[in-house]
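*Asks:* Need coordinates for the following:
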Amino acid sequence: MANEADPASGWERVNRPPGLFRRFSFAKYAETRAFLDRLAELSERTGRYPDIGFGPTYANVTLHASGGQLAAADSEFAAAINGLASAPAP
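*Replies:* Numbering: from 1, shown residues only. From the prediction side, this is the model:
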C-alpha cells in the first residue's frame, strides 16, 4: 500500500470498502448540528458526500476512497473536514 495516501490526523483506515473513518465528539447538540451544517456546505462545494451517522454529541464520518483506492485527495478532504470540527462553537 505504499502508493496510498496517509490518512489525515485523527482518521483511521477502513478496508472493506477502502476508506477513512473518524468520530467527532461535541459538548452539546448545537455544536454537532453546526458541524453537520458546515459539512453539508463543504459537500455541496466539492461534490463529495461522506456517509454520516450522528447523535446529540457525536458524528461518525466515513469517506469512501475515490477510484477504489485511497489517494491524496481523500486525505485532503478528510483534513478539510477536520477544519470544520475546529471552527468556533455557535
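
*Asks:* Am I right that Thr62 is in contact with Pro17?
*Replies:* No: in terms of Cβ atoms under 8 Å, Thr62 does not count as a neighbour of Pro17; the distance is 9.6 Å. For glycine as for every other residue, the C-beta is placed from the backbone atoms N, C-alpha and C.

*Asks:* Which of those two has more residues huddled nearby?
*Replies:* Thr62 (15 against 9; other Cβ atoms under 10 Å).

*Asks:* For the helix or strand hosting that one, name the packing helices and strands.
*Replies:* Using DSSP states H and E, Thr62 sits within strand 58-64. In terms of contacts (3 or more Cβ pairs under 8 Å, 6 or more residues apart in numbering; DSSP states H and E), strand 58-64 is packed against strand 19-25, helix 29-46, strand 51-55, helix 72-85.

*Asks:* With mean pLDDT as extra columns, can I get the ones you listed in CSV?
*Replies:* What follows is these, written out as CSV (pLDDT from 0 to 100):
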stretch, mean pLDDT
strand 19-25, 96
helix 29-46, 96
strand 51-55, 97
helix 72-85, 92
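
*Asks:* looking at these, which is closest to Ser66?
*Replies:* Ranking the helices and strands packed on strand 58-64 by their distance to Ser66 (criterion: Cβ to Cβ) puts helix 72-85 first, at 6.1 Å.

*Asks:* Pull up the gap between Pro50 and Trp11, please.
*Replies:* Between Pro50 and Trp11 the computed distance is 11 Å (Cβ to Cβ, to the nearest Å).

*Asks:* Please apply the same query to Thr46.
*Replies:* In terms of Cβ to Cβ, Thr46 sits 17 Å off from Trp11.
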